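Undergrad: Just a sequence and a predicted model for now, questions to come.
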Protein chains: 2
Amino acid sequence: MKEGPDIAQIGALIGDPARANMLAALTGGRALTATELAGVGGITLQTASTHLAKLEAGGLLAQRKQGRHRYFTLADEAAARLIESMMGFAAGRGHLRHQPGPKEPALRKARICYDHLAGDYGVRMLDSLIASGAIDAVGDGLALTEKGESDLERIGIDVGDLRSSRRPLCRSCLDWSERRAHLAGGLGKALLSSFLDKGWARRTAESRSILFSPEGDRQFLRLFPIET
Amino acid sequence: MKEGPDIAQIGALIGDPARANMLAALTGGRALTATELAGVGGITLQTASTHLAKLEAGGLLAQRKQGRHRYFTLADEAAARLIESMMGFAAGRGHLRHQPGPKEPALRKARICYDHLAGDYGVRMLDSLIASGAIDAVGDGLALTEKGESDLERIGIDVGDLRSSRRPLCRSCLDWSERRAHLAGGLGKALLSSFLDKGWARRTAESRSILFSPEGDRQFLRLFPIET
DNA sequence: GCGATGCTTCGGTTACGATCGAAGTATGAA
DNA sequence: TTCATACTTCGATCGTAACCGAAGCATCGC
């Protein structure tokens, strides 16, 4: 039985709590230093260093040195998707480290998932785009329509530019808190960026949650209505 | 940092080599007994028993007692997809337990992936269905067209019956050996079943590979041509 | 140059969990 | 009833890897 890929290796990599915490933190899309990651992992810097080396060797992380700092990110979108899909599975089986602390509701409302919007707002946005005919949902695949393209150009998204990138425009990503799909891919990233640029929302320092300003909230809900 | 799903738990479950081997074996779709799984894991029955209990508690496996046997399967399609996606990731990063033994080529040509056809033949089938206009590919989603429905009815697939099931008709599943998508979902299962029923192919006893008969091979290649 | 910061490497300790032998329970066969 | 098969539970052993203190590099500011 020595055939096929070795899932035990990456399973073991993700299976250590300290490493899992670091990976989950990096799902926030921000590059973090070894010291910061040691913090989220609840371990000393030395231990974190060995963990990070293992994760990098395993192809889950990439690092970039900058001066005397070492910034770590998830290796690529495939790695991010793997972590997200494990979160989705874990949430579905009730494997939560719940501690429903005060930050929890904010996280469920809107959070960052690698580089796009997730949580209640993420799901709502995709639902609204589908309902308005801006995005076609076929099976579990998504495609931008012509109407969607012009709608989005109107709010300042340069779709042509996104198309020229190698990255898929639309991807669906399963939301672990809502258990439904939200929009990932180049378009998902561009939409979130535009919200941040417009000052409708901002990222928080230590968490993955996204905070909408009162004005941003209003604009978002107006732009992505849902019938109830 | 006690927020979100606990991926470390399932990571650790998959991270043990013996457990990973058992899970990989169950990806073959067959229900296996504890004794058989102990064999594929390379461990004694006692050890396997504790492993299986953990996997079941973790929501990865389901068991069915039948007489004095205990048959284990992957818990559901979500579990199967998780394992497959980890295999895809692992293969992409070169985490192979290669040992390119004699069974390897057969496995790459055609194998079972939970309940549908994978490997070179699986990828070819989907490519051909898309090329002939039987399936629409939108983003990474798949949808059966009207033409596809009538084509498939003609070779004895009862599409109406499949539609009435809760399970999605078409799903794309990333192939770890080919690194491209093949057809999963209810339709993927139905197609493989029909090949087996027609005697075009048969499953092998101890491996996940699917063996096509000379006649079945000919029919399959005729039915799913690809331009080169 | 010097000290300070960020990170890695080394060495030794410790704890967890995988492992198996042996004994115990359930189901089936004779 | 008795024996055999399939599996689980218990108890003890043992290896691995997570962990941290201390020391070693590298880079920055001065």
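TA: On my side now, so go ahead. Numbering: from 1, shown residues only, chains lettered A, B, ... in the order given.

Undergrad: Tell me the spacing between the residue of chain A found nearest DNA strand D and A:Ala75.
TA: Using C-beta to the nearest atom of the strand, the point where chain A gets nearest to DNA strand D is A:Gly67, with a distance of 3.3 Å. (Glycine included, C-beta is placed from N, CA and C.) Distance from A:Gly67 to A:Ala75, counting by C-beta to C-beta, to the nearest Å: 22 Å.

Undergrad: What of A:Ala53?
TA: According to C-beta to C-beta, A:Ala53 stands 14 Å off from A:Ala75.

Undergrad: which residues are common contacts for these two?
TA: Shared contacts of A:Ala53 and A:Ala75 (C-beta atoms under 8 Å, 6 or more residues apart in numbering or on different chains): none.

Undergrad: Can you list the neighbours in contact with stretch A:201-213?
TA: Contacts of stretch A:201-213 with the rest of the structure, by C-beta under 8 Å, 6+ apart, involve A:25, A:27-28, A:30, A:103, A:106-107, A:109-113, A:117, A:119, A:121, A:192, A:195-196, A:199-200, A:216, A:220, B:3-4.

Undergrad: buried sites along the lowest-mean-pLDDT helix or strand in chain A?
TA: When the helices and strands of chain A are compared on mean pLDDT, DSSP states H and E, helix A:104-109 comes out lowest with a mean of 84. When neighbours are counted by 16 or more other C-beta atoms under 10 Å in any protein chain shown, the buried residues of helix A:104-109 are found to be A:Glu104, A:Ala106, A:Leu107, A:Arg108, A:Lys109.

Undergrad: And it, what does it pack against?
TA: helix A:120-131 (3 or more C-beta pairs under 8 Å, 6 or more residues apart in numbering or on different chains; DSSP states H and E).

Undergrad: Sketch out the low-pLDDT regions of chain A for me.
TA: A:1-3, A:98-103 (pLDDT under 70).

Undergrad: Mind listing the residues bridging to the residue in it that chain B sits nearest to?
TA: When you check chain A against chain B by C-beta to the nearest C-beta, the closest residue turns out to be A:Gly141, at 1.7 Å. Residues in a beta bridge with A:Gly141, per DSSP bridges, are A:Val138.

Undergrad: Am I right that it is in contact with B:Leu142?
TA: Yes - A:Gly141 lies in contact with B:Leu142 (C-beta atoms under 8 Å); the separation is 6.8 Å.

Undergrad: In terms of neighbours, single out the busier of these two.
TA: B:Leu142 (28 against 22; other C-beta atoms under 10 Å in any protein chain shown).

Undergrad: In space, what's closest to the more buried one - neighbours in sequence excluded?
TA: What sits nearest to B:Leu142 in space, not counting adjacent residues and going by C-beta to C-beta, 6 or more residues apart in numbering or on different chains, is B:Cys170, at 3.9 Å.

Undergrad: backbone phi and psi for that neighbour, please?
TA: phi -120, psi 130 (degrees, to the nearest 10).

Undergrad: Would you agree it is in contact with B:Ala181?
TA: No - under the contact definition of C-beta under 8 Å, B:Cys170 does not touch B:Ala181, with a separation of 10.7 Å.

Undergrad: More neighbours: which of those two?
TA: B:Cys170 (25 against 19).

Undergrad: Now do the same contact list for the more buried one.
TA: Residues touching B:Cys170, when contacts are defined by C-beta under 8 Å, 6+ apart, comprise A:Gly139, B:Ile135, B:Gly141, B:Leu142, B:Ala143, B:Leu144, B:Leu183, B:Ala184, B:Gly185, B:Gly186, B:Leu187, B:Gly188.

Undergrad: And A:Lys198, by the same measure?
TA: The contact partners of A:Lys198, by C-beta under 8 Å, 6+ apart, come to A:Gly216, A:Gln219.

Undergrad: Kindly indicate which of the contacts of B:Cys170 lies nearest B:Leu61.
TA: When these are compared for distance to B:Leu61, the smallest value, 19.8 Å, is given by B:Ala184; criterion: C-beta to C-beta.

Undergrad: roughly how far apart are that closest one and A:Ser209?
TA: B:Ala184 sits 34 Å away from A:Ser209 when distances are taken as C-beta to C-beta.

Undergrad: Turn the buried residues of helix A:104-109 into TSV, columns for distance to DNA strand C.
TA: Conversion of the buried residues of helix A:104-109 to TSV gives the following (distance: C-beta to the nearest atom of the strand, whole Å):
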residue	distance to DNA strand C
A:Glu104	26
A:Ala106	27
A:Leu107	26
A:Arg108	29
A:Lys109	31
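
Undergrad: Can I get those in a markdown table including distance to A:Gly42?
TA: As requested, the buried residues of helix A:104-109 are exported to a markdown table (distance: C-beta to C-beta, whole Å):
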| residue | distance to A:Gly42 |
| --- | --- |
| A:Glu104 | 19 |
| A:Ala106 | 22 |
| A:Leu107 | 19 |
| A:Arg108 | 23 |
| A:Lys109 | 26 |
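
Undergrad: In chain A, where's the longest helix?
TA: Across chain A, the longest stretch assigned as helix under DSSP state H is helix A:77-92.

Undergrad: What residues of that helix count as buried?
TA: By neighbour count on 16+ other C-beta under 10 Å, the buried set for helix A:77-92 is A:77-92.

Undergrad: rewinding a little: A:Ala53 and A:Ala75: who's more crowded?
TA: A direct count of neighbours by other C-beta under 10 Å for A:Ala53 and A:Ala75 places A:Ala75 higher, at 19 against 13.

Undergrad: Before I go, just wanted to say thanks for your time.
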